[in-house]
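**Student:** Next come a sequence and a model predicted from it.
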Amino acid sequence: MPSNITRFSISLETDLLEQFMDMVERRGYPNRSEAIRDIIRESLVKEEWEGEEEIAGTITIVYDHHKRELTDRLTRIQHAHHEAVLATTHIHLDHDNCMEMIAVKGTATLVQSLADALISARGVMHGKLSATTTGKTLK
């Protein structure tokens, strides 16, 4: 075992352990330790998003590109938050509908503000902010 690994034990109710083991198997984890590591990392990432750490994520929006002035409005919003926008990918879903995926990085407040502005724009049918980390604080 590598020297930077620490073993510890936990106590769980039998039903909870069985549910956890089912999840480990469904998701294809090689062992419980890998699953617990992912759960811990997820909690740490959530904490980053609650603070003012530099975070990363993607904003996905779906809209009808025929809506009057919507594309221009979405572009203006992104330009107003240019310091958070890393890249935008535009996808034509069909004749009318488009999806944009905007890669973002910045403080949680800045990124959330951008996501709120894009998702709430009149004409956007659906939007979602997917939060992740820059990886700087995770080991």
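**Tutor:** Great, that's in hand.
**Student:** Just name the shakiest helix or strand of the protein by mean pLDDT.
**Tutor:** Counting by mean pLDDT, DSSP states H and E, the chain has its least confident helix or strand at helix 32-50, which shows a mean of 88.
**Student:** list the buried ones in that one?
**Tutor:** Going by neighbour count (16 or more other C-beta atoms under 10 Å), the buried part of helix 32-50 is Ala35, Val45, Glu48, Trp49. Where you see a C-beta, it was placed from the backbone N, CA and C, and this is true even at glycine.
**Student:** How much space separates the last one from Lys128?
**Tutor:** Which is Trp49. 14 Å (C-beta to C-beta, to the nearest Å).
**Student:** go on, the first one?
**Tutor:** When distances are taken as C-beta to C-beta, Ala35 and Lys128 turn out to be 25 Å apart.
**Student:** Equivalent analysis for Ser9, please.
**Tutor:** Applying C-beta to C-beta, the value for Ser9 to Lys128 is 38 Å.
**Student:** Kindly report the domain assignment for the protein.
**Tutor:** Domain segmentation of the chain under automatic domain parsing yields 14-50, 54-133.
**Student:** in the sheet, who's paired with the nearest residue to Thr134 once chain neighbours are set aside?
**Tutor:** Closest residue in space to Thr134, ignoring its immediate chain neighbours: Ala56 at 5.0 Å, by C-beta to C-beta, 6 or more residues apart in numbering. Beta-bridge partners recorded for Ala56 (DSSP bridges): Lys105, Thr132.
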